[in-house]
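Participant: My questions concern the predicted model and sequence given below.
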Amino acid sequence: MKYIQTKPSRMHCSTCDETYNLPQNGNIRIYKELKCPLDDFELLSWSAGTKGKSYPFCPYCFNHPPFRDMKKGMGCNMCTHPTCAHSLNSNGVSSCVECEAGVLVLDPASGPKWKLGCNRCDVIIHLFEDAQRVVVEEGTCNCGAQTIAVEYRQEKSRLPNGDTEASGCMFCSPHFTPLVEKQRAVTRPPGSRAPRGRSGRGRSRGKPKPPKDKMAQLAAYFV
């Protein structure tokens, strides 16, 4: 299939005359030469620039949603595949700190300027800059967020005491909170409900947000 950059950008096969829609208003690149486990399509990456959102997506799944709870135009950061390493269930960390239904999802290709992006709104959280490796773990913090493992090279470590490896919650672990930076203030309409969680591999992610006192601390920190 040929990538056509003129708007609306798309992919087109001249042999079978089939056209696939793509995410618009951003940069499209090959995503680490990896393939979707469902259809063997080569994954692509959409980004709005180095300081904007980014996420991988499968061109076929983007046009033909593989699961009932997915719609056309969804990337891997919204895919509910239970085991795929690129899916929401593997890289989702927590409910969004601002919008009602979003989940903060790690972009595995964003290093060394690692970031989480909400899969619903424009919230971006930068974290663990210069880390060699950042992975969402199986464990869950008491606040409902998934724990994260981070690994630094010795000469670039930003962890206390020059440690090169650590694991914990980006909201609650004191050795992590100084390494987390949000682009805009944390605000949430009074009385709004926390978004529902999502299931995967026998557990849930995107659980209810941290308690109100923790949210107040985060708001003061991120402003």
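Facilitator: Structure's in. What do you need? Residues are numbered from 1 along each chain as shown.

Participant: partners of the helix or strand hosting A149 in the sheet?
Facilitator: Take DSSP states H and E as the rule and A149 turns out to sit in strand 146-151. Here strand 146-151 has these sheet partners by DSSP bridges: strand 133-140 (antiparallel), strand 165-168 (antiparallel).

Participant: out of these, which comes closest to Q5?
Facilitator: Smallest distance to Q5 across those (C-beta to C-beta): 31.2 Å, for strand 133-140. Where C-beta positions appear, they are placed from N, C-alpha and C, glycine not excepted.

Participant: so how far is that closest one from its chain's centroid?
Facilitator: Computed by C-alpha atoms, centre = their mean, to the nearest Å, the chain-centroid distance of strand 133-140 equals 12 Å.

Participant: Can you point out the buried residues in it?
Facilitator: Buried residues in strand 133-140, counted by 16 or more other C-beta atoms under 10 Å: V134, V136, T140.

Participant: Would you check that the second one makes contact with V103?
Facilitator: No: contact between V136 and V103 fails when scored by C-beta atoms under 8 Å: they sit 11.3 Å apart.

Participant: Relative to Y60, which of the strands paired with strand 146-151 is closest?
Facilitator: Y60 lies closest to strand 133-140 among the strands paired with strand 146-151, at 24.9 Å (C-beta to C-beta).

Participant: Could you say which one of the strands paired with strand 146-151 comes nearest to Y152?
Facilitator: Closest approach to Y152 among the strands paired with strand 146-151 (C-beta to C-beta): strand 165-168, 7.5 Å.

Participant: what are the pairing partners of the following helix or strand past that closest one, and which direction each?
Facilitator: The first helix or strand that comes after strand 165-168 along the chain, using DSSP H and E, is strand 180-182. According to DSSP bridges, strand 180-182 has the following sheet partners: strand 124-127 (antiparallel).

Participant: Rounded mean pLDDT for the strand it pairs with, please.
Facilitator: The predicted model gives strand 124-127 an average pLDDT of 93.

Participant: Take it, keep the C-alpha atoms, and write them as CSV.
Facilitator: Only the C-alpha atoms of strand 124-127 are listed here, as CSV (Å, rounded to 0.1, in the frame of the first residue of the first chain):
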residue,chain,number,x,y,z
ILE,A,124,0.2,14.8,28.3
ILE,A,125,2.4,13.9,31.2
HIS,A,126,6.2,13.9,30.8
LEU,A,127,8.1,11.6,33.1
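
Participant: Quick one: distance of that strand to the chain centre.
Facilitator: Chain-centre distance of strand 124-127: 10 Å, with C-alpha atoms, centre = their mean.

Participant: same check, this time on stretch 61-68
Facilitator: Its chain's average C-alpha position is 19 Å from that of stretch 61-68, according to C-alpha atoms, centre = their mean.

Participant: Would you quantify the distance from the spatially most central residue of the chain to N119?
Facilitator: Centroid-nearest residue in the chain, with C-alpha atoms, centre = their mean: V105, separated by 2.1 Å. Using C-beta to C-beta, to the nearest Å, V105 is found at 5 Å from N119.

Participant: shared neighbours of these two, anything?
Facilitator: Residues touching both V105 and N119 by C-beta atoms under 8 Å, 6 or more residues apart in numbering: Y55, N77, L88.

Participant: Using a markdown table, please lay out those residues together with pLDDT and secondary structure.
Facilitator: Below are the shared contacts of V105 and N119 laid out as a markdown table (pLDDT from 0 to 100; DSSP: H, G, I helix; E, B strand; the rest coil):
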| residue | pLDDT | secondary structure |
| --- | --- | --- |
| Y55 | 93 | strand |
| N77 | 96 | helix |
| L88 | 95 | helix |
